[in-house]
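> Structural data only, the sequence is not supplied:
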């Protein structure tokens with residue numbers, strides 16, 4: 001990961017925050033800035049009405065995201081600079097959960113993707129909170145002022161927080177709507193490009209994931225791309241459908257234009273069955289020949305678990321490729337494309353534990369979309385279930401073929 005803390009220290013990305021990093025902050029008397037805030041103590045009860053946690057999180061999110069370090073104090077001779085390490089407080093899972101609850105339940109719109117990191121130390125225990133750049137600004141919270149409940153919208157101005165004015169709030173809303181329109185157009189363009197790579201035969205699952213805030217546009221090495229693909233292949237999301245022909249089984253890789261591509265083909269006919277693109281800007285796209293994920297169904301009949309293969313592989317790829325590019329939030333779209341003049345017919349295996357479901361033939365398919373966070377705290381299986389259920393519900397199927405609770 002690469003955060004404002006790494007930037008302030010002038011160091012490369014790391015897998016975690018360390019005591020050495022915090023010691024350097026103090027040794028170099030690092031200054032606070034818009035995206036970096038130091039605090040001595042963490043609030044052990046952040047859900048209290050009088051707690052400043054809501055204000056701190058909102059302010060950081062409304063100014064582009066950043067890092068809050070608890071356990072670093074200032075000295076009288078140099079305000080707003082790291083001057084000493086102190087004990088921020090004792091860690092507990094309840095503290096972490098309460099902090100994240102504030103982000104999602106006490107702030108509107110919910111501030112998702114906040115990461116809470118614990119840095120152990122015998123005397124100077126510290127906590128590092130990473131607040132992501134948000135597409136949903138302005139974030140606000142309710143507070144009491146002069147015997148009235150009002151919405152407060154703070155932001156960072158240098159090393160301090162201040163309140164947004166009404167014109168500033170209006171401008172942030174305008175910018176949000178413009179970004180949403182631009183993001184929708186980008187998803188459309190990415191989807192159209194990868195869908196055009198399919199053949200005219202069969203039924204093709206198309207999946208795209210476009211970063212909300214692209215974090216990297218530099219070269220991605222062959223090793224970066226192949227290691228992300230290997231890691232996705234072993235992702236727990238795939239355990240329920242191993243053995244199927246799905247996107248991450250595509251192993252024939254080559255360099256594309258600002259991307260790495262992986263293709264999987266039928267051995268005897270060289271017919272394309274699976275395809276992946278990992279782009280330098282963090283975009284991930286997949287193609288899957290849905291009626292060929294197994295060889296046990298009839299010609300051009302799509303087993304319902306083919307949708308799990310499409311969705312699960314796409315989410316696994318963005319989880320692990322996001323670790324390479326630094327992207328954590330994506331807009332995900334999945335759909336089915338076909339050219340022949342025949343309906344999409346699904347096959348659902350019989351299960352005596354559930355009522356029999358005979359899928360309805362589909363003359364068309366509606367794309368399904370979701371905003372997905374792939375931070376360390378994100379339970380992707382819930383997102384996977386939701387996307388696959390939206391796909392299958394179109395054919396009147398309620399029971400998931402995999403990931404059943």
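Done, it's in. The model shown is predicted, which means the values in this text are computed figures rather than measured ones.

> Excluding covalently adjacent residues, which one is nearest to the residue located most distally from the centre of the chain?
Using Cα atoms, centre = their mean, the residue of the chain lying farthest from its centre is residue 77. It sits 41.5 Å away. Nearest non-adjacent residue to residue 77, counting by Cβ to Cβ, 6 or more residues apart in numbering: residue 83, 8.0 Å away. C-beta coordinates here come from the backbone N, C-alpha and C atoms, glycine included.

> mind listing what the one you found touches?
By Cβ atoms under 8 Å, 6 or more residues apart in numbering, the contact list for residue 83 reads 26, 29, 72, 73, 74, 75, 77.

> go again using 7 Å as the cut-off
The contact partners of residue 83, by Cβ atoms under 7 Å, 6 or more residues apart in numbering, come to 26, 29, 73, 74, 75.

> Quick check: residue 142 touching residue 151?
Yes: contact criterion Cβ atoms under 7 Å: residue 142 and residue 151 qualify, at 6.2 Å.

> for the chain, what are the low-confidence residue spans?
214-218, 295-299, 350-357, 375-378 (pLDDT under 70).

> domain assignment for it?
Structural domains of the chain, as assigned by the TED database, span the residue ranges 4-164, 185-394.

> Can you give me the end-to-end span of the shortest one?
With Cα to Cα, to the nearest Å applied, domain 4-164 spans 23 Å between its terminal residues.

> And for the longest one?
Taking Cα to Cα, the first and last residues of domain 185-394 lie 25 Å apart.

> Could you give the bridge partners of residue 288?
residue 205, residue 274 (DSSP bridges).

> okay, now it: neighbour count?
Residues near residue 288, counting by other Cβ atoms under 10 Å, number 34.

> now it: how far from residue 94?
Look at residue 288 and residue 94: by Cβ to Cβ, to the nearest Å, they are 42 Å apart.

> and if you look at residue 71?
19 Å.

> of these two, who's got more company?
residue 71 (23 against 9).

> Quick one: residues contacting residue 24.
Counted by Cβ under 7 Å, 6+ apart, residue 24 has contacts residue 9.

> Doesn't it belong to a strand?
No: applying DSSP: H, G, I helix; E, B strand; the rest coil, one finds residue 24 to be helix, outside a strand.

> and it, how far is that from residue 131?
Counting by Cβ to Cβ - residue 24 and residue 131 are separated by 21 Å.

> Residue 337 pairs with what?
Using DSSP bridges, the bridge partners assigned to residue 337 are residue 204.

> shouldn't it be in contact with residue 200?
No: using Cβ under 7 Å, residue 337 is not in contact with residue 200; the gap is 10.1 Å.

> okay, these two: which has more neighbours?
More neighbours surround residue 337 than the other of residue 337 and residue 200, with 19 against 8 (other Cβ under 10 Å).

> could you measure that one against residue 284, distance?
From residue 337 to residue 284 the distance is 18 Å (Cβ to Cβ).

> picking that back up, the residue nearest to residue 77 and residue 26, how far apart?
Applying Cβ to Cβ, the value for residue 83 to residue 26 is 7 Å.

> still on that earlier bit, can I get the contacts of residue 83 in CSV with distance to residue 186 and neighbour count?
Below are those laid out as CSV (distance: Cβ to Cβ, whole Å; neighbours: other Cβ atoms under 10 Å):
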residue, distance to residue 186, neighbour count
26, 42, 18
29, 42, 13
73, 43, 15
74, 42, 17
75, 47, 12
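
> In CSV: the domains of the chain, plus distance to residue 401.
Shown next, in CSV, are the domains of the chain (distance: least, Cβ to Cβ, whole Å):
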stretch, distance to residue 401
domain 4-164, 28
domain 185-394, 4
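
> Show me the one of these that comes nearest residue 174.
Residue 174 sits nearest to domain 4-164 of all the domains of the chain, at 10.9 Å, using Cβ to Cβ.

> tally of neighbours for residue 273?
Using other Cβ under 10 Å: residue 273 sits among 24 other residues.

> Make sure residue 150 is indeed in a strand.
Yes: per three-state DSSP, residue 150 lies within a strand segment.

> Could you pull up the residues touching it?
With contacts defined as Cβ under 7 Å, 6+ apart, residue 150 is in contact with residue 143.

> And it, how far from residue 170?
To residue 170, residue 150 is 17 Å away according to Cβ to Cβ.

> again, but for residue 38
32 Å.

> next one: residue 116
Separation of residue 116 from residue 170 (Cβ to Cβ): 32 Å.

> Between the two, which has more neighbouring residues?
Shown here are residue 116 and residue 170; by other Cβ under 10 Å, residue 116 has more neighbours (19 against 12).

> Give me the contact list for the host helix or strand of the more buried one.
Taking DSSP states H and E as the definition, residue 116 sits inside strand 115-119. For strand 115-119, the external contacting residues (Cβ under 7 Å, 6+ apart) are 17-19, 22, 91, 96, 99-100, 126-130, 375-377.

> which helix in the protein runs the most residues?
Looking across the chain with DSSP state H, the single longest helix is helix 166-195.

> Next, the angle from that helix to strand 148-152.
When axes from the mean of the first three to the mean of the last three Cα atoms, to 10 degrees is applied, the directions of helix 166-195 and strand 148-152 differ by 50 degrees.

> Residues in a beta bridge with residue 254, which ones?
residue 261.

> okay but it is in contact with residue 261, surely?
Yes: using Cβ under 7 Å, residue 254 is in contact with residue 261, at 5.8 Å.

> Which of these two has more residues huddled nearby?
More crowded of residue 254 and residue 261, by other Cβ under 10 Å: residue 261, with 19 against 9.

> Might you report the residue contacts of that one?
253, 254, 276, 277.

> measure it to residue 272 for me?
11 Å.

> cool, residue 246 as well?
13 Å.

> ranges for the strands of the stretch 51-200 of the chain?
66-70, 72-73, 84-85, 115-119, 126-131, 141-145, 148-152, 154-157, 160-163 (DSSP state E, counting those that start in this stretch).
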